[in-house]
Every structure is written in structure tokens, then in C-alpha cells.
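*Asks:* What follows is a predicted structure for the sequence shown.
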Amino acid sequence: MTATPETRKFEAEVAQVLHLVTHSLYSHKEIFLRELISNASDACDKLRFESIAQPDLLAGEAELRIDVSWDKDARTITIRDTGIGMSREEVVANIGSIASSGTRRFLEALGSEQKADARLIGQFGVGFYSAFVVADRVTVLTRRAGDPADAGVRWESDGRGEYTLEPATLEARGTTVVLHLKEGEDEFLDGWKLRALVRKYSDHVAFPIRMPKEAPPAGEEDEAKADPAPGWETANDASALWTRPKSEITDEEYQNFYKSLGHDFNDAAAWSHNRVEGSQSFTTLLYIPSQPPFDLMMGGRDERKGLKLYIKRVFIMDAAEELLPNYLRFVRGVVDADDLPLNVSREILQQNRQLERIRGACVKRVLDLVEKLSRDEPEKFAAFIKAFGNTLKEGIVEDPGNRERIAKLLRFASTKGEGDARTVSLDDYIARMAAGQDAIWYVTADGYRAAAGSPQLERFRAKDIEVLLMSDRIDEWMLGHLREYAGKPLKHVAKGELPLDEAEKQQQEEAAQAAAPLLERISSLLGDRVEAVRVSARLTDSPSCLALSEWEMAPHLAHLLREAGQDVPEQKPTLEINPQHALARKLLGEHDDARAGDLAQLLLEQAQLAAGAPLADPAAFVQRVNRLLA
């Protein structure tokens, strides 16, 4: 009895992706072949791993391979693999819907673009849908390894919002994808074109990619390697590039492997290929991208798949969390170990001493790479800092053992730097410190302009003391753990005592005594809205600023955390006054208590705004300013 096909609708996000794919123009249509071969390779990897514990899964066809064929008359391209295959439930989960948020991020990334770009597809785990770049109908036939022949599934869709599912009897395990090409896509029905794409994007896939034999064009030699199966030949190198000696691998081969591994059209910024021999042997091939992946900060901490773990060339898992710490999640590459046990689980891996050694080696190699960029290729290093500087800062908290080494690589804007460019290192700062200066001074704010314009910098500028301008949201959190560098403490300009000589200290004491009536009046007018009011040693031009205790959180960070739903205790501010400013003198001489109250409140609110703190009542602030102006 023949079952009736079941018609289902795609989930909304998948339908949106398909609409973009079928109605947009693409600069790289050929991407579809790389993505489908990559999926087939993953399926073979998964079966090879599962067959270690269940050898029977390979029954009937022990070879793991990928076949690519075409039919000019039917106008189809077929990609078949002998990998793990899918059950009916897996087909629905993997093709009809997307369990992760990758599709949503993909759509958000394209939201501001005038047209979609196919190069983005693989970066978001939606590579299957690239088939609809060139096809107006796609058919999938699949059976999971270990299931009976009549447990196969036939899936088909024209990419317009619906797909059909029906049972199928399939003698062989694995997955077959048939692309029915659109009009005008005949270039992909040429065998030599398809071979060129396989060699360009998938030459180092670790499984043979077979194609039907055909006579070479006149004047060209057939470079394909002969295959034992009649009528087929292997079109790719089919070897793991990382197992070859470095001296035999060209830069172009390294870059091509990176692009196939990282779904990236851009070249890698740098890479490191190393073989460690001894009681524990392993190979690492690690890449630093030139551009950040789209999901680096949007869920990327929990969905890292940039580093693949192999054991004797057998793929085990996407295991970045075991092989690299979170702050290096932008790294792409492979790790191939010789002597890790194959039947380990993630929990055992996390406690495995051999893996800890590999992890330590990977961290060292990556930091070596970044240091080499900083020394030898300043333009690439500047691009790296722009792309990954904030991610690297997480290492100050997460990796105490490498804290000093990571801090050496960080770059910041400063009052002696070039605008808002992050070019100043902590070593640069120390080299420029004035005689007698014993601290690295910094200011934090929610943006470069707010940091550069902070009134708390005025005394430092007057004394020609350089201040680092920390304006990234991660900075305040990072600085809670980076208390010193090269023996020099890091100090916030709004916290603690300022670097005053004896004469300045004497002047400060005299100013405080002279301003006692002013301070007393402001304190009485503001009441419990402030912790204290005092004369500022920080100000030269502005009327007021906030001062923080040594462990007090900066107002802009406290606001961000509250907005994120965190429980942050309210902190009464300490208000510092410049008694020489016209507003302060006017307040002291103001006989109208209401106007004096407005002036006192304005001094506090100005200081809060400059520090990045939100005003409790913005409308009242506007009315207050209007009354004083009138």
C-alpha cells in the first residue's frame, strides 16, 4: 500500500530564510555545493564516531564517501553520502524547523542589507537552504544507519513555504539530495565546473568525493585520481590537511582549508600548525579569523563550534568548551589527538588530564599568534583588536594564569591617544608615566565621548597625567579583576585620593575650610539624596562631579545591570563641588531658598548625567533648568 504524502508548512523563520534565498540576488551562487558537501561530510563523521561503539551500523557498506553527479537531460544535481542518515523525526527537526536561534540571528544580520549574500548562510547553520539558490525544487531521500530499509523518508519542497513527507524504502543508509535546477543555472550541469568547485571549497574534506568519469576537454589533462569503482573517480584530495608536514602545505592550501572549515569567504588573519610528540602526541591547526562571526556576542558563548576534536582522524565532537576557554571562542581549527580514550563522555573529558594539557597548548598557541601579530603586522593586529578586543578582555576574568599576558595585548583610547582609536597598550602608558607617578589612571563611561568629556579628568589634564578612556561595557567588569599590571596599580580617576603634592594638599585643605558654609548649605538642601558633599580636587572648570568609594560601582554600569534585571543596591552619591565656579558662588549668595534648592539639585543632576547615571525625574530637571534660565 502506498502512503499518501503528508504536506507541512515550514516554521516561520525557515520560511523567511527561503524567501530571502529565492527572491534575492547573490554574488556567490556556487556556495550551495560547499554547504551540501559539508553537511554530507558531517553525516559521515557522525557515523564513523557512532560505529566505534556500534560496528553493525556500517553493515552493507563499510566505505564512508560522498558522491556528486549530474543529469543534463533531467537538469538535476545529486549529492549522496553514506553517512548517518536521518529518521523521520530528524528530517522534520533539521529541515522543517530550526531548533537553535541561528536562523533568527541570520535574519537580523540581513535586516539592514539591501540584498542577501549567500556567503552568510553557512555561518548560521542554515546551509541546507542554500540549495534553493540554484534549485526551484529539492528532493531528499534518507535512511538512518541501523534502521530497516522501509524506514526511509522522502522529503520534497519548492521552497515556497511548504514541504511534503512520505515513507520510502531505501536499500542503502545515508542521505541523497537532488537539486532540480532553475532556468538559467545550466553552468552547474557541467562536470568540469563542478570538479573545480569541489577542489576549490572541499578538497580537504576527509572523505572521498566521487564524481562520474568523463573525458577531459581538449588540451587538458585529467588530474583526478583513479577510483576502484568503475565509472567513478575521486575529485578531492580526501586527506586531512593537518596530518601533512607543514613544509608541504602552501599558504593557499591553509587558507582554502580555513574557508571550508569556517564557512568564511575571507582569508584567516593568522594560523598556527603544530605537532607535539612524546608521552602524549597531538596535532593542532588553529586559525584567527580576520572578521568576527556574526554570533560571536549574540549567544556565541553558548554555541561555539569553531574547534573540532579528532582522535586519530576520527571526528569526536565540536568541543571548543573543552579545548579553549570562552574568551578564545573566535578561534577556528582542529585538534587531533593520538591517545585520548575514544569512549569518553563530555563530563569525563572535562576532568581528563591529557585534555587539560592539550587545552593549555591551544591557549598558548593562540596567544603566541596574537603576540606575533602585535609585533610583526600592526595593521592586522589593529583589525584584530577592533574585531575581538572585547572578547579577549573576558580572559582577564576567566584565565587568571594568563592575566598579565592577556593584559599586555589589550589596547585602549587615552587622553594622549589618537581620538577614539584603541591604540595605547599598558606598556605604552607605563613608558610615558611622569616622574613620581605610581599608578595607571583610567576613567570608565558608556561611550568614548562620555569618557573623554568626563569632568573628573580636568585636574589630570592640568597636571599632564595620561588617563586611559575605558568606554566598552565590559571594561568595568574586567577592571574589577585587573587590579594591577607590571607592579603598577590601576586606579579610577573618580575613586580614592588624587596624586597631589604637599603644596596642592595644603591648598585643598584651605579651599575646604573656606567653602565650609557652601558645603553645609548644599548638604542641607539636598538632604538624604547624597552621602556627602565636599570640595573637589578633581575639578578645574566644571561645577560638580560624583566621587566613588574604592569598591563602588560606576553609575553607568549600575544602570545597565538594573536594566538587565540584576539586583543592584542603590548607592547614595558623594557630590564634589568646585567652589570657584559661578554656579557654586551664585548658590552661596542666593537668598531665595527655592532658587537655592534648584541650584543645589542642578549641581547634583549635572554630575549624575556626566557620570552616566539616569535622572530619577527628567521632566522635573527640565522645569528646574527653565526656571533658572528665566
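*Replies:* Happy to help now that I have it.

*Asks:* going forward, measure contacts between C-alpha atoms and count neighbours the same way
*Replies:* OK.

*Asks:* residues contacting residue 292?
*Replies:* The neighbours of residue 292, taking Cα atoms under 8 Å, 6 or more residues apart in numbering as the test, are 330, 387-388.

*Asks:* Just the ones of the residues you listed in helices?
*Replies:* Taking DSSP state H as the definition of helices, the contacts of residue 292 contribute 387-388.

*Asks:* would TSV of the contacts of residue 292 with pLDDT, neighbour count and distance to residue 422 be doable?
*Replies:* Converted to TSV, the contacts of residue 292 look like this (pLDDT from 0 to 100; neighbours: other Cα atoms under 10 Å; distance: Cα to Cα, whole Å):
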residue	pLDDT	neighbour count	distance to residue 422
330	91	26	20
387	92	18	12
388	94	21	12
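
*Asks:* if we take the contacts of residue 292, which one ends up nearest to residue 484?
*Replies:* Using Cα to Cα, residue 388 is the member of the contacts of residue 292 that lies nearest residue 484, at 22.5 Å.

*Asks:* What strand or helix carries the residue lying closest to that closest one once chain neighbours are set aside?
*Replies:* Closest residue in space to residue 388, ignoring its immediate chain neighbours: residue 292 at 7.1 Å, by Cα to Cα, 6 or more residues apart in numbering. Using DSSP states H and E, residue 292 maps to neither a helix nor a strand.

*Asks:* Let me know the pLDDT of residue 292.
*Replies:* Note on residue 292: pLDDT of 80.

*Asks:* For residue 370, see how far away it is.
*Replies:* Applying Cα to Cα, to the nearest Å, the value for residue 292 to residue 370 is 15 Å.

*Asks:* do the same with residue 549
*Replies:* Distance of residue 549 to residue 370, computed by Cα to Cα: 36 Å.

*Asks:* In terms of neighbours, single out the busier of these two.
*Replies:* For residue 549 and residue 370, the more surrounded residue by other Cα atoms under 10 Å is residue 370, and the numbers stand at 21 against 12.

*Asks:* distance of that one from residue 378?
*Replies:* Taking Cα to Cα, one finds residue 370 at 11 Å from residue 378.

*Asks:* List of residues touching stretch 159-168?
*Replies:* By Cα under 8 Å, 6+ apart, the surrounding residues in contact with stretch 159-168 are 3-10, 15, 18-19, 22, 96, 132, 136-138, 141, 150-157.

*Asks:* export it as PDB, just CAs?
*Replies:* Below are the C-alpha coordinates for stretch 159-168, written out as PDB (Å, rounded to 0.1, in the frame of the first residue of the first chain):
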ATOM      1  CA  GLY A 159      10.900  26.500  -1.200                       C
ATOM      2  CA  ARG A 160       7.700  28.400  -1.100                       C
ATOM      3  CA  GLY A 161       6.600  27.700   2.400                       C
ATOM      4  CA  GLU A 162       5.600  24.000   2.400                       C
ATOM      5  CA  TYR A 163       7.200  20.600   2.100                       C
ATOM      6  CA  THR A 164       6.000  17.000   1.700                       C
ATOM      7  CA  LEU A 165       6.900  14.000   3.700                       C
ATOM      8  CA  GLU A 166       6.300  10.300   2.800                       C
ATOM      9  CA  PRO A 167       7.800   6.900   3.700                       C
ATOM     10  CA  ALA A 168      10.300   5.400   1.300                       C
END
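
*Asks:* circling back to that earlier point, of all the contacts of residue 292, which comes closest to residue 436?
*Replies:* Looking across those and measuring by Cα to Cα, the closest to residue 436 is residue 388, at 34.6 Å.

*Asks:* how much space between the closest one and residue 58?
*Replies:* When Cα to Cα is the yardstick, residue 388 and residue 58 sit 43 Å from each other.

*Asks:* Could I get the contacting residues of residue 503?
*Replies:* Applying Cα under 8 Å, 6+ apart to residue 503 gives no contacts.

*Asks:* Got a quick PyMOL command for the buried subset of the contacts of stretch 159-168?
*Replies:* Applied in PyMOL, the following selects the buried portion of the contacts of stretch 159-168 according to 16 or more other Cα atoms under 10 Å:
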select buried, resi 10+15+18+22+96+132+136+137+138+141+151+152+153+154+155+156+157
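
*Asks:* Of the contacts of stretch 159-168, which belong to strands?
*Replies:* If you go by DSSP state E, the contacts of stretch 159-168 have 6-9, 136-138, 141, 152-157 in strands.

*Asks:* can you redo those residues as a markdown table with distance to residue 500 and pLDDT?
*Replies:* Below are these laid out as a markdown table (distance: Cα to Cα, whole Å; pLDDT from 0 to 100):
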| residue | distance to residue 500 | pLDDT |
| --- | --- | --- |
| 6 | 80 | 91 |
| 7 | 78 | 90 |
| 8 | 75 | 89 |
| 9 | 72 | 85 |
| 136 | 75 | 92 |
| 137 | 76 | 95 |
| 138 | 75 | 95 |
| 141 | 78 | 97 |
| 152 | 80 | 96 |
| 153 | 79 | 96 |
| 154 | 79 | 97 |
| 155 | 77 | 95 |
| 156 | 77 | 95 |
| 157 | 75 | 91 |
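
*Asks:* Pull the most distant pair out of the residues you listed.
*Replies:* Between any two of these, the greatest separation by Cα to Cα is 23.5 Å, found for 136 and 152.
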